[in-house]
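Colleague: coordinates only, sequence not included:
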Ligand SMILES: Nc1ncnc2c1ncn2[C@@H]1O[C@H](COP(=O)(O)OP(=O)(O)OP(=O)(O)O)[C@@H](O)[C@H]1O
């Protein structure tokens with residue numbers, strides 16, 4: 001099977017300090033893959049390099065689909081001075097969409113992320129959970145075949161978290177998702193495969209089930225053991 005995205009030998013250093021070290025993996029159509037690791041493991045750096053926001057020092061990223069990549073960056077940055085609808089219109093204007101397509105895309109994400117009631121609200125007046133959903137709506141505006149999401153459920157209440165996870169699950173019908181998260185609950189709920197970064201090195205690549213089984217069914221224990229780097233590298 002041809003991957004949708006292929007990453008080979010990716011390395012990135014900040015000054016002399018390695019943030020990513022010879023990382024290689026593939027993503028396939030229709031899967032949701034978790035990108036896990038302790039604080040500072042290199043997850044956000046990896047997503048930034050994949051989107052071209054940061055330049056890698058070494059390695060190659062090949063994207064085998066036509067179209068663009070949707071991105072929810074770390075911290076879900078937004079235009080503070082705009083309203084929700086203005087934010088989405090501004091982002092939609094960046095894509096190659098007709099006026100009708102832009103309107104349709106905006107209405108779709110307002111509905112999918114339950115933002116209709118705040119469409120005219122200033123971004124600066126939104127709570128953390130709403131802000132996250134506006135940023136997610138922005139990432140889902142274009143019909144991008146690949147979405148890179150940095151902590152999509154951070155700051156969401158349990159009800160909203162479930163709804164956003166439903167949206168992510170649904171979106172795999174026509175998209176591939178790489179999701180960086182600290183929530184093992186989210187991983188168990190929606191992810192097919194898992195990548196674990198340990199101090200910039202890929203320490204595990206495999207199915208959710210294989211990860212669980214590596215610690216007799218205890219997902220948290222399995223993650224902590226590998227993320228800490230005390231186990232041999234599993235590839
Ligand atoms: N712009 C930068 N300049 C210097 N060092 C950086 C920069 N961005 C990241 N780093 C360093 O690179 C390493 C990886 O950071 P990164 O933010 O990718 O980790 P992360 O896995 O996303 O962490 P977290 O879970 O805390 O968000 C860390 O040691 C971090 O301090």
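Modeller: Here it is on my side, so go on. The model shown is predicted, which means the values in this text are computed figures rather than measured ones. Numbering: from 1, shown residues only.

Colleague: which residues touch the residue nearest in space to the middle of the chain?
Modeller: The centroid of the chain falls nearest to residue 149 when counting by CA atoms, centre = their mean (1.7 Å). Applying CB atoms under 8 Å, 6 or more residues apart in numbering, we find residue 149 in contact with 71-72, 136, 139, 168, 177-180. No exception for glycine: its C-beta is placed from N, CA and C like everyone else's.

Colleague: that one bridge partners, please.
Modeller: Beta-bridge pairing of residue 149 under DSSP bridges involves residue 72, residue 179.

Colleague: quick one, strands of this protein?
Modeller: 5-14, 17-27, 32-36, 58-63, 69-72, 146-150, 176-180, 193-198, 201-207 (DSSP state E).

Colleague: export those strands as a markdown table, with columns for mean pLDDT.
Modeller: Listed next are these as a markdown table, based on pLDDT from 0 to 100:
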| stretch | mean pLDDT |
| --- | --- |
| strand 5-14 | 97 |
| strand 17-27 | 97 |
| strand 32-36 | 98 |
| strand 58-63 | 95 |
| strand 69-72 | 92 |
| strand 146-150 | 96 |
| strand 176-180 | 97 |
| strand 193-198 | 97 |
| strand 201-207 | 97 |
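
Colleague: export the ones you listed to JSON lines and append columns for distance to the ligand.
Modeller: Below are the strands of the chain laid out as JSON lines (distance: least, CB to the nearest ligand atom, whole Å):
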{"stretch": "strand 5-14", "distance to the ligand": "3"}
{"stretch": "strand 17-27", "distance to the ligand": "3"}
{"stretch": "strand 32-36", "distance to the ligand": "8"}
{"stretch": "strand 58-63", "distance to the ligand": "15"}
{"stretch": "strand 69-72", "distance to the ligand": "13"}
{"stretch": "strand 146-150", "distance to the ligand": "7"}
{"stretch": "strand 176-180", "distance to the ligand": "7"}
{"stretch": "strand 193-198", "distance to the ligand": "6"}
{"stretch": "strand 201-207", "distance to the ligand": "12"}
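
Colleague: using JSON lines, please lay out those together with distance to residue 220.
Modeller: As requested, these are exported to JSON lines (distance: least, CB to CB, whole Å):
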{"stretch": "strand 5-14", "distance to residue 220": "27"}
{"stretch": "strand 17-27", "distance to residue 220": "22"}
{"stretch": "strand 32-36", "distance to residue 220": "11"}
{"stretch": "strand 58-63", "distance to residue 220": "31"}
{"stretch": "strand 69-72", "distance to residue 220": "25"}
{"stretch": "strand 146-150", "distance to residue 220": "21"}
{"stretch": "strand 176-180", "distance to residue 220": "17"}
{"stretch": "strand 193-198", "distance to residue 220": "13"}
{"stretch": "strand 201-207", "distance to residue 220": "14"}
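
Colleague: to residue 129, which of those strands lies closest?
Modeller: Closest to residue 129 of the strands of the chain is strand 69-72 (CB to CB; 14.1 Å).

Colleague: for that closest one, give me every contacting residue.
Modeller: With contacts defined as CB under 8 Å, 6+ apart, strand 69-72 is touched by 47, 50-51, 53, 63, 135-136, 138-142, 144, 146-152, 175.

Colleague: pLDDT below threshold where in the chain?
Modeller: For the chain, applying pLDDT under 70 flags the ranges 229-235.

Colleague: cool, thanks, talk later.
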